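Participant: Got a predicted structure plus its sequence, pasted below:
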Amino acid sequence: MLQIMSQPNGVNGIHKEVERLHMNGSMNGSTNGTDSTTASRANQRKRLDRKQSSPMMPSFMVSAPGKVIVFGEHAVVHGKAAIAAAISLRSYLLVTSLSKSKRTVTLRFPDIDFAHSWNIDDLPWATFKTPEKKKFYYSLVTDLDEDLVAAIQPHLDNVSPDKSPEMRKVHYNAAAAFLYIFLSLGSKEFSACQYTLRSTIPIGAGLGSSASIAVCLSTALLLQLRTLSGPHPDQPAEEARIQLERINRWAFVQEMLMHGNPSGVDNTVASQGKAVVFQRTDYSKPPHVRPLWNFPELPLLLIDTRQPKSTAHEVAKVAKLKNTHPKLVGTILDAIDEITNRADKLMIEADFDSQDVECLRRVGELMTINHGLLNSLGVSHPTLERTRELVDHENIGWTKLTGAGGGGCSITLLRPDVPQEKMIELDRRLGELGYRKFETTLGGDGVGVLWPAVLKNGMDEDDVGGMEIDLERFLSAQGNEGVEKLVGVHGGTGEREGWKFWRVESP
């Protein structure tokens with residue numbers, strides 16, 4: 001992105017060109033001694049001495065995916081491996097620069113009715129920039145600095161005071177996470193701007209919505225600071241990995257602000273896309289996260305039952321069961337681990353074809369068995385079982401719960417060429433139950449950038465060179481479909497004109 005942001009022919013180029021013309025005039029003997037020529041040159045010198053105003057950075061967009069756990073739920077809590085993968089439901093962040101006269105930074109998330117502004121000059125820069133506290137864009141931050149957390153507290157006291165305690169907590173955490181990295185990466189000279197976010201990822205459903213937002217914000221700040229190069233088609237794989245790791249590190253810092261002790265898997269998937277194998281055998285040490293760069297893109301049906309759940313409750317339930325029946329539950333957890341390992345090997349085989357029914361069947365059967373084992377641990381729910389029954393009855397695909405269970409979401413690996421009438425009937429039945437259905441893609445791209453925020457997206461403006469995604473259009477887009485149509489990346493269709501993604505192939 002450095003190539004895009006630099007201005008080799010900008011203000012400095014104007015200065016040099018005027019100087020060249022001035023010198024050429026002198027060398028060609030154009031000094032005729034007249035008062036008009038002298039006055040002209042004096043005026044020219046005044047113009048050169050006048051400080052040039054820098055143009056505002058153009059509006060741009062950043063997008064990052066949500067995630068699902070495909071294999072290994074609950075077993076991963078007990079030291080086994082799990083596979084998590086990106087989905088094509090995404091967050092979209094529009095970054096809008098403000099005029100030089102403004103000195104504010106604004107965070108605006110209309111989907112959760114949140115907006116708050118801070119005066120840049122009033123923020124605790126001195127605390128964040130002391131030598132022992134100062135962080136750089138390449139720093140590895142593994143824990144939060146208590147002094148820095150304390151320094152931002154006074155600037156959070158007036159966040160959403162009129163909201164309910166539950167909603168205010170959500171707004172407070174989002175504001176705290178943003179302020180911490182804004183002050184860590186930025187400076188008091190940072191230009192005024194607004195960060196506006198829309199998301200198609202259901203919130204609180206275990207789909208990594210907060211990590212997706214964190215990745216968007218860290219990417220935006222690093223781009224504004226000109227510390228990222230790319231993404232571009234000819235970018236070397238190693239350079240792309242470094243860029244993604246830089247984004248991921250600062251997204252993890254935000255996740256710590258929001259969740260205390262996050263695993264790191266959500267922000268890793270949201271950064272790099274595709275999938276990861278995740279395992280934590282010692283909770284006193286960081287988890288082992290192995291990227292699956294060649295993970296195939298698979299057709300996925302995501303169903304949100306809207307049944308409230310508690311991850312802590314479900315985890316405690318399995319732990320109690322294991323204490324009561326250690327050998328039996330241990331055998332179930334080992335079986336889940338074996339399924340995860342088989343799926344890992346299967347989906348990265350060179351001849352795996354995501355359009356082939358037989359390849360999908362082999363993955364789907366592993367998903368079905370995994371769900372059965374989770375159900376035997378008591379972490380399914382009647383709403384999830386009803387979803388599975390409806391999908392199985394129509395022979396649409398292979399279904400399992402995803403995440404902690406006890407409600408929440410299920411995922412279905414879709415059979416290719418399912419008749420449209422079956423999908424319509426399933427949609428009707430799910431609607432009667434009050435469930436939400438999302439046709440998405442598993443294993444797609446990670447973080448992407450649209451610079452500037454102009455693209456062709458099938459709207460009227462395409463005929464005149466594309467449409468700018470301005471703040472008014474972004475805010476007025478209706479629902480998921482409206483947002484996806486506006487931004488041009490939607491419905492599992494992947495990359496669109498203008499959007500660029502960091503892509504890393506296996507070495």
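Facilitator: Okay, I see it.
Participant: For the stretch 301-450 of the chain, which segments are assigned as strands?
Facilitator: 397-402, 409-414, 436-442, 448-450 (DSSP state E, counting those that start in this stretch).
Participant: quick one: contacts of the third one?
Facilitator: The contact list for strand 436-442, computed with CB atoms under 8 Å, 6 or more residues apart in numbering, reads 68, 70, 85-89, 202, 297-304, 306, 411, 413-414, 426-427, 430, 491-492, 494. Just so you know, the C-beta spots here come from the backbone N, C-alpha and C atoms, and that holds for glycine as well.
Participant: likewise the second one?
Facilitator: When contacts are defined by CB under 8 Å, 6+ apart, strand 409-414 is touched by residues 68, 70, 202, 205-207, 298-305, 360, 363-364, 367, 384, 387-388, 391, 396-403, 439, 442.
Participant: Regarding the residue lying closest to residue 118 once chain neighbours are set aside, what is its secondary structure?
Facilitator: Among residues not flanking residue 118 along the chain, residue 105 sits closest, at 5.5 Å (CB to CB, 6 or more residues apart in numbering). Three-state call for residue 105 (DSSP: H, G, I helix; E, B strand; the rest coil): strand.
Participant: low-scoring pLDDT stretches of the stretch 1-150 of the chain, where are they?
Facilitator: Per-residue confidence for the stretch 1-150 of the chain (pLDDT under 70) gives these ranges: 1-56.
Participant: could you pull out the strands for it?
Facilitator: 60-71, 81-97, 104-109, 114-119.
Participant: Deepest-packed of these, please.
Facilitator: strand 60-71 (a mean of 28; mean count of other CB atoms under 10 Å).
Participant: Return the list of helices and strands in contact with that strand.
Facilitator: Strand 60-71 is packed against strand 81-97, helix 209-224, helix 265-272, helix 326-347, helix 357-376, strand 397-402, strand 409-414, strand 448-450, with contacts defined by 3 or more CB pairs under 8 Å, 6 or more residues apart in numbering; DSSP states H and E.
Participant: just how off-centre is that strand within its chain?
Facilitator: 5 Å (CA atoms, centre = their mean, to the nearest Å).
Participant: What of stretch 212-222?
Facilitator: 7 Å.
Participant: same check, this time on stretch 74-82
Facilitator: Worked out by CA atoms, centre = their mean, stretch 74-82 lies 25 Å from the chain centre.
Participant: contacts for it?
Facilitator: By CB under 8 Å, 6+ apart, stretch 74-82 touches 69, 71-73, 265, 277-281, 314-315, 318-319, 322, 333-334, 336-337, 340-341, 344, 374, 377, 379, 404-405.
Participant: Filter those down to the buried ones.
Facilitator: Buried by 16 or more other CB atoms under 10 Å: 69, 71-73, 265, 277-280, 314-315, 318, 322, 333, 336-337, 340-341, 344, 374, 377, 379, 404-405, out of the contacts of stretch 74-82.
Participant: wait, what's in contact with residue 103?
Facilitator: 119-121, 192.
Participant: quick one: contacts for the closest residue to it other than its chain neighbours?
Facilitator: Counting by CB to CB, 6+ apart, residue 103 lies nearest to residue 120, which is 5.1 Å off, once chain neighbours are set aside. Each residue near residue 120 by CB under 8 Å, 6+ apart is listed here: 103-105, 188, 190, 192.
Participant: Repeat the analysis, applying 6 Å as the threshold.
Facilitator: Contact analysis of residue 120 by CB atoms under 6 Å, 6 or more residues apart in numbering lists 103, 105, 190.
Participant: would you turn those residues into CSV with distance to residue 466?
Facilitator: Below are those laid out as CSV (distance: CB to CB, whole Å):
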residue, distance to residue 466
103, 32
105, 28
190, 29
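Participant: any residues touching stretch 377-388, and which ones?
Facilitator: 303, 305, 307, 314, 317-318, 399, 401, 405-407, 410.
Participant: what do you get for stretch 268-278?
Facilitator: Residues contacting stretch 268-278 (CB under 6 Å, 6+ apart): 64-65, 67, 81-86, 208, 211-212, 215, 244, 247-248, 265, 289-293, 295, 344, 443-447.
Participant: closest one to residue 141 among the strands of the stretch 301-450 of the chain?
Facilitator: When those are compared by CB to CB, strand 448-450 sits nearest residue 141, at 23.0 Å.
Participant: partners of the closest one in the sheet?
Facilitator: With DSSP bridges as the test, strand 448-450 is paired with strand 60-71 (antiparallel), strand 499-501 (antiparallel).
Participant: ok now it, how far from the chain's centre?
Facilitator: On CA atoms, centre = their mean, the centre of strand 448-450 falls 11 Å from the chain's centre.
Participant: one step back: out of the strands of the stretch 301-450 of the chain, which gets nearest to residue 173?
Facilitator: With CB to CB as the measure, strand 409-414 is the member of the strands of the stretch 301-450 of the chain nearest residue 173 (21.8 Å).
Participant: Let me see the mean pLDDT of the closest one.
Facilitator: On average, the pLDDT along strand 409-414 is 96.
Participant: what about dumping the CA coordinates of it to PDB?
Facilitator: Listed next in PDB are the C-alpha coordinates belonging to strand 409-414 (Å, rounded to 0.1, in the frame of the first residue of the first chain):
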ATOM      1  CA  CYS A 409     -25.000 -21.900  15.700                       C
ATOM      2  CA  SER A 410     -24.800 -25.000  13.500                       C
ATOM      3  CA  ILE A 411     -22.800 -25.500  10.300                       C
ATOM      4  CA  THR A 412     -23.800 -27.600   7.300                       C
ATOM      5  CA  LEU A 413     -21.400 -28.700   4.600                       C
ATOM      6  CA  LEU A 414     -23.700 -28.400   1.500                       C
END
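Participant: Adjacent strands (with direction) for that strand?
Facilitator: Note on strand 409-414: by DSSP bridges, its sheet partners are strand 298-304 (antiparallel), strand 397-402 (antiparallel).
Participant: mind giving me the domain ranges of the chain?
Facilitator: Domain assignment for the chain by automatic domain parsing gives 60-280+446-501, 297-442.
Participant: Of those domains, which shows the lowest average pLDDT?
Facilitator: When I compare the domains of the chain, domain 60-280+446-501 is least confident, with a mean of 90.
Participant: Do me a favour and get the end-to-end distance for that one?
Facilitator: 14 Å (CA to CA, to the nearest Å).
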